[in-house]
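Engineer: quick check, what structure comes out for this input:
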Amino acid sequence: MPSRQKPMRYGHTEGHTDVFFDDTGSCIVTCGSDGDVRIWENLDDDDPKSINVGEKAFSCALKGGKLVTAVSNNTVQMHTFPEGDPDGILTRFTAHANHVTFSPDGTRVAAGSSDFMIKVVEVTDSSKQKTFRGHDAPVLSLSFDPKDVYLASASCDGSVRVWNLADQTCTTSWLLLQKCNDVINAKSICRLAWQPGTGKLLAVPVDKVVELFRRETWDNQFKLSDASITQPLNVVVWSPCEQFLAAASVDGNIVVWNVETQQCIERMKHEKKYSICGLAWHPKHRQIAYTDTEGNLGLLENIGAAEKPNDKVGAAVAKDYNDLFDGDDDDYLNGDMVEPPSSPKTGDNEDDADDLVQPPGHVRRAVIDDDDDNSLDIGLIKASSGLLEKEDDGDDQTGGFSALPPSSTQQPLYDGPMPTPKQKPFQSGSTPVHLMHRFMVWNSVGIIRCYNDEQDNAIDIEFHDTSVHHATHLPNSLSHTMADLSTEAILLACESTEELASKLHCIHFGSWDANKEWTVDMPKDEEIEAICLGQGWAACATTALLVRVFTVGGVQKEIFSLPGPVVSMAGHGEQLMVVYHRGTGFDGDQCLGVQLMELGMKKRQILHGDPLSLTRKSYLVWVGFSAEGTPCYVDSEGIVRMLNRGLGNTWIPVCNTREHCKGKYDHYWVVGIHENPQQLRCIPCKGARFPPTLPRPAVAILPFKLPYCQVATEKGQMEEQYWRSVLFHSHVDYLSKNGYEFDENAKNQAVKEQQELLMKLFALSCKLEREFRCVELADLMTPSVVNLAIKYSSRSRRLNLAQRLGEVAVEKASGLAAAAAAQEDEEEEEDFRQRPNAGYSSSATNWGQLPGRNVQQDQEVEDAEEADACEEAEETPEVQQEKEPNHFSKGVASAEVTTPKPALVASSSRGRVNPFKVSSSKKDPVVPSANILDNMTKYSKKTSLSGSRAVNKQNPPVIKPLTPKPKTKQALAASFFQPRTPATNPAEKTVEEREEKAENESQETKVTAQENTENRRPKTGFQMWLEENRANILTDNPDLNEAEVIKEGMSRFRMLTSEERMVWTEKARGGRVSDSAEDKKRKRPTAEEDEVKKSQEQKSEDTNVSKKSKPLDASTNNRLSAFAFKQS
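Structural biologist: Have a look, this model is predicted:
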């Protein structure tokens, strides 16, 4: 197997970094210019133990449980390992020490300093030390002779010396290096090394070669070099087997030679060509750990594995036992292949081995020792030789080979996926418990820190909003390890001891009485593993697989069992979320389940132990709720997922924090999630998974991004924005359903934003001639925006698309009618006339009136309606027309409908007619309407259902699907969809639509008898004045279109005196058909009251004039295009 270079990871801050393995090779130890010594279990360890030894650590060494460091205060210190407890100062210099190293037996330490001196100190008695003088510049490096006779040193004076330890004399000296005045100016730090074991050779890195000097004779034996080395070598190190020598250069090259053959067997280049200043060979495996001057840590594996040395033993074994394997397995004996990574290791899961057996007949292949690919398993040799007797239970031999019978068959063993160790319980927003200074919780309410050192054992609570509560300092006499924080309480928990049970401690600072604290002891042998707080309640999960719920005042409430060990839990309001182990995961995957419950008045379970989705080979790192109450969680791969209540309570990824990390080992530590505004609040951690308590970490805000395809394109970007808006505003429906308050304006703004995105997508699809896609988009639109889409498609000459959109509009209307009718059956009917402002109109309305209006007049008179609030309806002389309540400010006009109102009433239950048939009676083109979406917020507050959708294309029902309304309004809406007249045959309707004139006459005659007089609206004074003065206006301004004529008429009408306008109003009232029913409802005002009313109307007009929108000069098509998308 060829060597493998693992990606480097962040280890320390920028500066000189040293590295070595411990005596057994179980961990990697590094020190750096940040003053920390870090202990790594492996290269992927994201939580290394850290020991602070000073401001800067220049070098360190480890032997026999003693850690020695050279630090910036000119001392050489000693600590216990791995505890990290200080164990005294070995020696001092007048300048800082540059290198320290242990003697082979670990009894002495040698240190070389920038004050030109070398000291050798006894570990057990620091008073016994020897000083070596002779260098004329700072000492660069030292190396003990394995036989403990000599000490080699290199210095900035250019010399390499060998000292006799016994008499402290210089045995020999070579002038090999370039001279310099300080370590920082040296081209190489010249880390020399003796050959282990015999100490036969001394290796010295000299410029671009390694020179080897023979012991005793001190002559230059030979040199090792390679063409890949173009810069000076910094450090050399021998392999424990004495066979290989590795060297690293200042430009990031690592070269490994076989010393016997003097051939280069490995070459490696640093990822970024940084200077490598630390090398360490694993004491057992063929691994090299290395560090660079930027503080990064790397690892090389399988060094020299590609070599095939002449192993006589291996060849003999292969020859003798060829009959044990088939032909394909020969390479296993030669070391070409190794055991698959998924193979079980010795002692793993021995109890479960009976259930993990391969199918009969599958021959287990030979296992090559991981430590040396060229060696064979001794158990195999003994077994085949009859030296190892078969044990009673052969199936339990999961760690190696069972004894082989004389035949060529072998006991089958399990070689499938291996179980994943179960994740331990944790508190979201906390850092590891073993730290002396740690965060117990960091959430949207505040921060709880724990200090557990020699000076203090205490807890500090800090609130983000000090109006909630002031900062608090608590003693931690019970050694609390878990905490949670809400706006009304602090919850703490501790583990049990020999004397005390596990305790749950609550500080209810929101209580109005004097006793604010309470404590509960858990039953014997029951440990608290996770805690959380909600609104008015607290909960804890224990090792007995129980969740215990308490009131915030201390009353015990519900208890329920969990199906597996708890991992974490979170609370928000009435919601409780518990994550636990559903079972055993395999191949690095966790097998987690989640329960979501509501603990309010109506207690119910939302998620019933559903599997929790995690990224492959990841684990859970954070679980909680957004500030608005939506469950969320984060896994170790940085994927943030949120509950999508609108899709059957499924989980959707909303952010990948790894995309925002600069380095491979950088992470973001999540502290809070907000849906409005959309913010992921987290703390960036360089080279770690969690932040330190000091200095205070800065919170960063990351954006959300759903993982939709092709988000670089305009279509993909708008699709992602639309669905993200839908997802992040779905909490409003949940809040309204559960009786919480929510921001109506924010909801309206979200609906407007979503509909704008849909319209832009619609326009883009039209541009790309994707008409089927356009209809699919229309299914997501509100009826008012469907109307706009119909207009856009008709203006774009896509009549087939417009016709299909009309069918979509009819389906939406019929669906709403059915839903409203079903709702009406369940509720009492209410008199809506008592609620004139229930969302349908802000002006006086005839409740029995069915809406129906002419498109052209709707467009022409809209501005007049806004400017003249006292005018209830307008009717032009050309077409009999009656106005409905104005549902769309700056109306959303569809195609022209010239059918009189009686025809509208008759056909209201028969479906939709052709919206694009233009009547021959039309004189002027349709006046451009204002942008519907500019006023979406305004009209979204109005009626949910209104008017006849079947024929009246002008004003379709406005539906606000995402904003909750009182149920009584739905009953009112249903009444508008009830048939007013018997339905006609659809075929007859089609014929009538094609013959408009005949239809108008027949429908008028047919409906006159059924017509309710309340559906009639009188002409207003302005309309009568306009009829008589239209000719004068056109004479003065012959180029005006109909809309501009009305605007000019409005202007002139306002210039009349109050008395003159009163005359026209009286004419309009005098000319109406009197109705006895109306006379009973309305009293005719006296002249005096009338004058006051006209004065108020005049004020209302003057007020509304300033609010009148600008004249609509641009064409409808241009403005729609400008809204939908920018023309390139």
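
Engineer: who's in contact with the closest residue in space to residue 1048 that isn't next to it in sequence?
Structural biologist: Leaving out its chain neighbours, the residue that sits closest to residue 1048 by Cβ to Cβ, 6 or more residues apart in numbering is residue 1033, at 5.4 Å. (Glycine included, C-beta is placed from N, CA and C.) Residue 1033 is in contact with 1040, 1045, 1048-1049, 1052, counting by Cβ atoms under 8 Å, 6 or more residues apart in numbering.

Engineer: do the same with residue 55
Structural biologist: Applying Cβ under 8 Å, 6+ apart to residue 55 gives the contacts 35, 71-73.

Engineer: secondary structure class for it?
Structural biologist: coil (DSSP: H, G, I helix; E, B strand; the rest coil).

Engineer: ok, residue 815 next?
Structural biologist: What three-state DSSP gives for residue 815 is helix.

Engineer: next, count neighbours for it.
Structural biologist: Neighbour count of residue 815, defined by other Cβ atoms under 10 Å: 11.

Engineer: what's the answer for the one 4 residues further on, then?
Structural biologist: By the criterion of other Cβ under 10 Å, residue 819 has 14 neighbours.

Engineer: torsion angles phi and psi at it?
Structural biologist: Per-residue torsions, residue 819: phi -70, psi -40 (degrees, to the nearest 10).

Engineer: which of the helices or strands spans residue 1043?
Structural biologist: In the assignment (DSSP states H and E), residue 1043 maps to helix 1042-1055.

Engineer: swap in residue 110?
Structural biologist: Per DSSP H and E, residue 110 falls inside strand 108-113.

Engineer: in the next helix or strand after that strand, what counts as buried?
Structural biologist: Remark: after strand 108-113, the chain's next helix or strand is strand 118-122, criterion DSSP H and E. Buried residues in strand 118-122, defined by neighbour count with 16 or more other Cβ atoms under 10 Å: 118-121.

Engineer: just stretch 553-562 next, same as before
Structural biologist: 553-554, 562.

Engineer: make JSON lines out of these and add pLDDT.
Structural biologist: Output for the buried residues of stretch 553-562, formatted as JSON lines (pLDDT from 0 to 100):
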{"residue": "553", "pLDDT": "94"}
{"residue": "554", "pLDDT": "94"}
{"residue": "562", "pLDDT": "96"}
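
Engineer: just name the closest of those to residue 426, please.
Structural biologist: The shortest gap between residue 426 and any of the buried residues of stretch 553-562 belongs to residue 562, at 15.8 Å (Cβ to Cβ).

Engineer: next up, the contacts around that closest one.
Structural biologist: Residues near residue 562 by Cβ under 8 Å, 6+ apart: 541, 545-547, 578, 580, 595.

Engineer: now do residue 585
Structural biologist: 419-420, 422, 591.

Engineer: just the buried ones out of the contacts of residue 55, please.
Structural biologist: Buried among those by 16+ other Cβ under 10 Å: 35, 71.

Engineer: show me which helix or strand of this protein is least confident by mean pLDDT.
Structural biologist: Ranking every helix and strand in the chain by mean pLDDT, DSSP states H and E puts helix 901-906 at the bottom, with a mean of 36.

Engineer: the residue nearest to residue 1048 should be in a helix, yeah?
Structural biologist: Yes. Under three-state DSSP, residue 1033 falls within a helix.

Engineer: circling back to that earlier point, need the buried residues of stretch 553-562 in a markdown table with distance to residue 202 and secondary structure, can you?
Structural biologist: Formatted as a markdown table, these follow (distance: Cβ to Cβ, whole Å; DSSP: H, G, I helix; E, B strand; the rest coil):
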| residue | distance to residue 202 | secondary structure |
| --- | --- | --- |
| 553 | 76 | coil |
| 554 | 73 | coil |
| 562 | 64 | coil |
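
Engineer: before we move on, the earlier item: which members of the contacts of residue 55 are positioned in strands?
Structural biologist: residue 71 (DSSP state E).

Engineer: which of the contacts of residue 55 lies closest to residue 567?
Structural biologist: Set against residue 567, the nearest of these by Cβ to Cβ is residue 35 (35.4 Å).

Engineer: isn't that closest one right up against residue 53?
Structural biologist: Yes. The criterion here is Cβ atoms under 8 Å, and residue 35 meets it with residue 53 at 6.1 Å.

Engineer: in the sheet, who's paired with residue 109?
Structural biologist: Residue 109 forms beta bridges with residue 102, residue 121, as assigned by DSSP bridges.

Engineer: how near is it to residue 146?
Structural biologist: Note on residue 109: its distance to residue 146, by Cβ to Cβ, to the nearest Å, is 16 Å.

Engineer: more neighbours, those two?
Structural biologist: residue 109 (27 against 20).

Engineer: what does the pLDDT read for residue 600?
Structural biologist: Looking at residue 600, its pLDDT reads 88.

Engineer: show me what contacts it?
Structural biologist: Counted by Cβ under 8 Å, 6+ apart, residue 600 has contacts 574, 738.

Engineer: now with 7 Å?
Structural biologist: The contact partners of residue 600, by Cβ atoms under 7 Å, 6 or more residues apart in numbering, come to residue 574.

Engineer: what about it, distance to residue 661?
Structural biologist: Per Cβ to Cβ, residue 600 is found 39 Å from residue 661.

Engineer: ok, for residue 6, nearest residue in space, not its chain neighbours?
Structural biologist: Using Cβ to Cβ, 6+ apart and skipping residues adjacent in sequence, the residue nearest residue 6 is residue 299, 4.5 Å away.

Engineer: number of nearby residues for that neighbour?
Structural biologist: Counted with other Cβ under 10 Å, the neighbours of residue 299 add up to 21.

Engineer: what about the strand or helix carrying it, average pLDDT?
Structural biologist: Using DSSP H and E, residue 299 sits within strand 296-301. Averaging pLDDT along strand 296-301 yields 91.

Engineer: residues contacting it, please?
Structural biologist: Residues from elsewhere that reach strand 296-301, judged by Cβ under 7 Å, 6+ apart: 3-6, 8-11, 19, 30, 43, 254, 268, 287-291.

Engineer: elements contacting the host helix or strand of residue 1060?
Structural biologist: In this structure, residue 1060 is located in helix 1058-1070 according to DSSP H and E. In terms of contacts (3 or more Cβ pairs under 7 Å, 6 or more residues apart in numbering; DSSP states H and E), helix 1058-1070 is packed against helix 1021-1036, helix 1087-1105.

Engineer: of the contacts of residue 55, which is the nearest to residue 714?
Structural biologist: In terms of Cβ to Cβ, no member of those lies closer to residue 714 than residue 35, at 51.8 Å.

Engineer: so the closest one makes contact with residue 50?
Structural biologist: No. Applying Cβ atoms under 7 Å as the test, residue 35 and residue 50 come out as separate, 10.0 Å apart.

Engineer: ok, now how distant is residue 498 from residue 524?
Structural biologist: Separation of residue 498 from residue 524 (Cβ to Cβ): 12 Å.

Engineer: who has more neighbours out of those two?
Structural biologist: residue 524 (8 against 4).

Engineer: double-check that the more buried one belongs to a helix.
Structural biologist: No. Counting by three-state DSSP, residue 524 is not found in a helix; it is coil.

Engineer: identify each buried residue in stretch 591-608, please.
Structural biologist: The neighbour-count check on stretch 591-608 (16+ other Cβ under 10 Å) flags 591-597, 599-600, 606-607 as buried.

Engineer: what's the end-to-end length of it?
Structural biologist: Taking Cα to Cα, to the nearest Å, stretch 591-608 runs 15 Å from one end to the other.

Engineer: now stretch 520-529
Structural biologist: End-to-end distance of stretch 520-529: 15 Å, with Cα to Cα as the criterion.
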